[in-house]
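[1] Build me a structure from this.
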Amino acid sequence: MKRTKIAKLFDPALVGQEVSVKGWVRTRRGNKHVQFVALNDGSTIRNIQIVFDMAQFTDEQLKSVTTGSSVHVEGILVESMGKGQSYEIQARTLEIYGVADPEKYPLQKKGHTLEFLREIAHLRPRTNTFGAVLRVRSALAFAVHRFFQERGFYYLNTPLITASDCEGAGEMFQVTTLDLNDLPKTEDGKVDFSGDFFGKATALTVSGQLEGELGATALGEIYTFGPTFRAENSNTPRHLAEFWMIEPEMAFYDIHDNMDLAEDFVKYCINYALENCKDDIDFLSEMYDKELIERLRSVVDNSFARITYTEGIELLQNSGHKFEFPVYWGADLQSEHERYLVEHYFKKPVIMTDYPKEIKAFYMKQNADGKTVRGMDVLFPRIGEIIGGSEREENYDKLMARIEELDIPMKDMWWYLDTRRFGTVPHSGFGLGFERLVLFVTGMTNIRDVIPFPRTPKNAEF
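    Below you'll find the model as predicted:
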């Protein structure tokens with residue numbers, strides 16, 4: 001008999017039919033007459049209750065049916081008379097695939113802290129919480145592709161191994177085949193990479209943006225969606241060493257087109273999750289964040305506020321609020337500043353533009369005032385910055401002047417400058433840290449809890 005996933009069992013049309021289910025035991029209870037097993041196969045937050053009539057089964061047959069064991073059951077789907085479930089299966093056959101010693105299996109019926117579950121990240125997807133988070137994550141990933149594909153964007157795969165550092169966006173992980181116990185050196189004592197695999201120093205990418213711009217100036221509109229790496233010693237609830245980035249780049253887009261796309265994009269993804277992950281979001285709201293659904297709806301249903309950096313600084317300075325970090329024109333805004341504007345002043349997401357050029361990357365288009373650039377950050381409640389982007393500087397001379405002003409080594413970046421030499425066009429783009437989107441949609445508070453296997457300082461398990 002063909003297996004039916006548990007998510008498909010909650011259908012009145014199946015009542016009275018024989019079904020085949022396979023999954024892992026969450027709990028078992030009962031007496032000498034009847035035993036009840038809660039079974040889950042990962043397809044839904046909801047368990048299906050299996051009823052074993054002990055007149056048809058023996059204690060020996062059910063002895064190994066403990067929390068964590070995997071089983072195959074065939075039986076009749078019926079409406080349940082008990083509380084807590086609408087349907088149940090009256091078991092006819094039982095096959096045990098794998099046992100789980102209750103003395104050793106760490107996921108028992110009692111609740112576990114999120115900190116403890118991070119230590120057993122290879123098993124935590126079997127819990128209700130992480131099953132829900134990972135299903136939401138999967139749905140959001142599908143929504144990302146669907147959004148861009150529906151709008152004629154092309155999915156571009158940018159390199160994970162690179163010789164460029166995308167304007168120093170973060171410390172990089174080196175990639176090498178050299179013998180670390182016997183490194184070749186040049187005459188001036190530096191590591192000689194000429195004999196390395198690529199013949200030069202290479203590292204894991206911190207961003208696919210620069211290569212994305214190459215794609216946009218050929219295909220028009222592209223997006224990347226893949227892993228990026230930052231070797232920063234940041235032990236915070238908002239940072240990972242390995243995380244996923246979504247980076248669209250669009251030819252012929254100005255800053256206003258860029259803002260419109262960013263707002264439409266995050267609204268689309270959140271709305272997709274609300275429509276397709278209702279059970280999981282309801283569970284996470286009930287268990288972790290009672291205001292989650294209201295907050296998600298408020299983002300989808302409201303237009304984002306749009307202000308300049310200068311206006312934001314003035315609002316913060318006049319707020320009367322005492323901030324830990326000082327507020328002044330030229331300051332790189334901290335999360336507390338961003339969240340004040342979003343959560344207390346506007347009470348909805350904010351898109352901030354026109355930042356001082358000194359605190360933004362070299363490739364951002366300069367405004368006529370000579371002081372600010374057409375940068376764009378989307379600020380969310382509880383998260384702070386969730387998207388960062390800009391209109392790019394398309395003028396070769398202005399871009400080179402900025403590169404020289406900042407003394408940026410460009411010997412390996414000739415290919416990037418060619419986009420300004422040959423048929424340059426106005427273009428824009430932004431980056432969204434995928435885990436921050438998942439963090440917002442699930443209501444979790446630590447970014448390590450929205451990626452299956454977090455990579456953080458001193459932690460590369462599993």
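[2] Tell me where this structure is predicted with low confidence.
    165-170 (pLDDT under 70).
[3] switch the cut-off to 50
    167 (pLDDT under 50).
[4] where along it do the helices fall?
    59-62, 114-119, 128-150, 209-219, 255-276, 278-287, 292-301, 309-317, 335-339, 396-405, 414-421, 434-442 (DSSP state H).
[5] unless I'm mixing things up, residue 352 is touching residue 376, no?
    Yes: the criterion here is C-beta atoms under 8 Å, and residue 352 meets it with residue 376 at 7.3 Å. Yep, even glycine has a C-beta here, placed from its N, CA and C like the rest.
[6] Would you mind finding the most buried of the helices of the chain?
    helix 434-442 (a mean of 25; mean count of other C-beta atoms under 10 Å).
[7] Summarise which helices and strands it is packed against.
    If you count contacts as 3 or more C-beta pairs under 8 Å, 6 or more residues apart in numbering; DSSP states H and E, helix 434-442 packs onto helix 128-150, strand 242-251, helix 255-276, helix 278-287, helix 292-301, strand 384-391.
[8] got JSON lines for those, with distance to residue 207 too?
    What follows is these, written out as JSON lines (distance: least, C-beta to C-beta, whole Å):
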{"stretch": "helix 128-150", "distance to residue 207": "17"}
{"stretch": "strand 242-251", "distance to residue 207": "7"}
{"stretch": "helix 255-276", "distance to residue 207": "16"}
{"stretch": "helix 278-287", "distance to residue 207": "30"}
{"stretch": "helix 292-301", "distance to residue 207": "25"}
{"stretch": "strand 384-391", "distance to residue 207": "10"}
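[9] Among those, which comes closest to residue 80?
    Evaluated over the helices and strands packed on helix 434-442, closeness to residue 80 peaks at helix 278-287, with 17.4 Å, by C-beta to C-beta.
[10] So for residue 43, which of the helices and strands packed on helix 434-442 sits nearest?
    Closest among the helices and strands packed on helix 434-442, using C-beta to C-beta: helix 128-150, at 8.4 Å.
[11] Mind listing residues that contact that closest one?
    40, 42, 45, 114, 117, 124-125, 155, 223, 225, 246, 248, 264-265, 268-269, 272-273, 276-277, 280-281, 283-284, 287-288, 434, 437-438, 441-442, 444, 449-452 (C-beta atoms under 8 Å, 6 or more residues apart in numbering).
[12] Please apply the same query to stretch 366-378.
    Contacts of stretch 366-378 (C-beta under 8 Å, 6+ apart): 254-255, 258-259, 262-263, 266, 304, 308-310, 338, 349-357, 360, 364-365, 385-391, 393, 398, 402, 430.
[13] Go again with 6 Å.
    255, 258-259, 262, 351-357, 360, 364-365, 385-391 (C-beta atoms under 6 Å, 6 or more residues apart in numbering).
[14] Can I get that stretch in PDB? Just the C-alpha atoms.
    The C-alpha atoms that make up stretch 366-378 are tabulated as PDB, following Å, rounded to 0.1, in the frame of the first residue of the first chain:
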ATOM      1  CA  GLN A 366      26.900  59.900  -5.000                       C
ATOM      2  CA  ASN A 367      24.300  62.600  -4.700                       C
ATOM      3  CA  ALA A 368      24.700  66.100  -6.000                       C
ATOM      4  CA  ASP A 369      25.400  67.400  -2.500                       C
ATOM      5  CA  GLY A 370      28.800  65.600  -2.500                       C
ATOM      6  CA  LYS A 371      28.100  64.400   1.100                       C
ATOM      7  CA  THR A 372      25.500  61.600   0.700                       C
ATOM      8  CA  VAL A 373      25.000  58.500  -1.400                       C
ATOM      9  CA  ARG A 374      21.900  56.800  -2.700                       C
ATOM     10  CA  GLY A 375      22.000  54.000  -0.200                       C
ATOM     11  CA  MET A 376      18.900  52.300   1.000                       C
ATOM     12  CA  ASP A 377      18.200  50.300   4.100                       C
ATOM     13  CA  VAL A 378      14.900  48.600   5.000                       C
END
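[15] Flag every buried residue along it.
    For stretch 366-378, burial by neighbour count (16 or more other C-beta atoms under 10 Å) applies to 366, 367, 372, 373, 374, 375, 376, 377, 378.
[16] I'd like the distance from that stretch to the chain centre, please.
    Stretch 366-378 sits 28 Å away from the centroid of its parent chain (C-alpha atoms, centre = their mean, to the nearest Å).
[17] again, but for stretch 6-25
    32 Å.
[18] Check what contacts that stretch and list those residues.
    So stretch 6-25 is contacted by 1, 3-4, 37, 39-41, 43-44, 48, 65, 67, 69-70, 72-74, 76-77, 79 (C-beta under 6 Å, 6+ apart).
[19] For it, list every residue counted as buried.
    6, 7, 9, 14, 19, 21, 22, 23, 24, 25.
[20] Please apply the same query to stretch 171-186.
    Buried, per 16+ other C-beta under 10 Å, within stretch 171-186: 172, 175.
[21] pull the CA atoms of it into PDB?
    The C-alpha trace of stretch 171-186 is given here as PDB (Å, rounded to 0.1, in the frame of the first residue of the first chain):
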ATOM      1  CA  GLU A 171      36.700  39.300   7.300                       C
ATOM      2  CA  MET A 172      37.100  36.400   4.900                       C
ATOM      3  CA  PHE A 173      37.800  32.700   5.200                       C
ATOM      4  CA  GLN A 174      40.900  31.800   3.200                       C
ATOM      5  CA  VAL A 175      40.800  28.900   0.700                       C
ATOM      6  CA  THR A 176      44.100  27.200   0.000                       C
ATOM      7  CA  THR A 177      45.700  23.900  -0.900                       C
ATOM      8  CA  LEU A 178      49.100  25.000   0.500                       C
ATOM      9  CA  ASP A 179      50.700  22.900   3.300                       C
ATOM     10  CA  LEU A 180      49.900  25.000   6.400                       C
ATOM     11  CA  ASN A 181      52.900  23.400   8.200                       C
ATOM     12  CA  ASP A 182      55.300  24.500   5.500                       C
ATOM     13  CA  LEU A 183      54.100  27.700   3.800                       C
ATOM     14  CA  PRO A 184      56.200  29.000   0.900                       C
ATOM     15  CA  LYS A 185      57.300  32.600   1.300                       C
ATOM     16  CA  THR A 186      58.300  35.400  -1.000                       C
END
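[22] which outside residues touch it?
    Contacts for stretch 171-186 (C-beta under 6 Å, 6+ apart): 161, 165, 191-192, 195-197, 202-204, 229, 231-232.
[23] what residue of this structure is the furthest out?
    Going by C-alpha atoms, centre = their mean, the residue of the chain most distant from its centre is residue 55, 49.5 Å out.
[24] And that one, how close does it get to residue 62?
    13 Å (C-beta to C-beta, to the nearest Å).
[25] residue boundaries of the strands in the stretch 51-200 of the chain?
    Here the stretch 51-200 of the chain has its strands, by DSSP state E, counting those that start in this stretch, at 70-79, 87-98, 154-155, 161-162, 174-175.
[26] Tell me which of these is the most buried.
    strand 70-79 (a mean of 18).
[27] Give me the contact list for that one.
    Counting by C-beta under 6 Å, 6+ apart, 14-15, 17-22, 24, 50, 87, 89-98 sit against strand 70-79.
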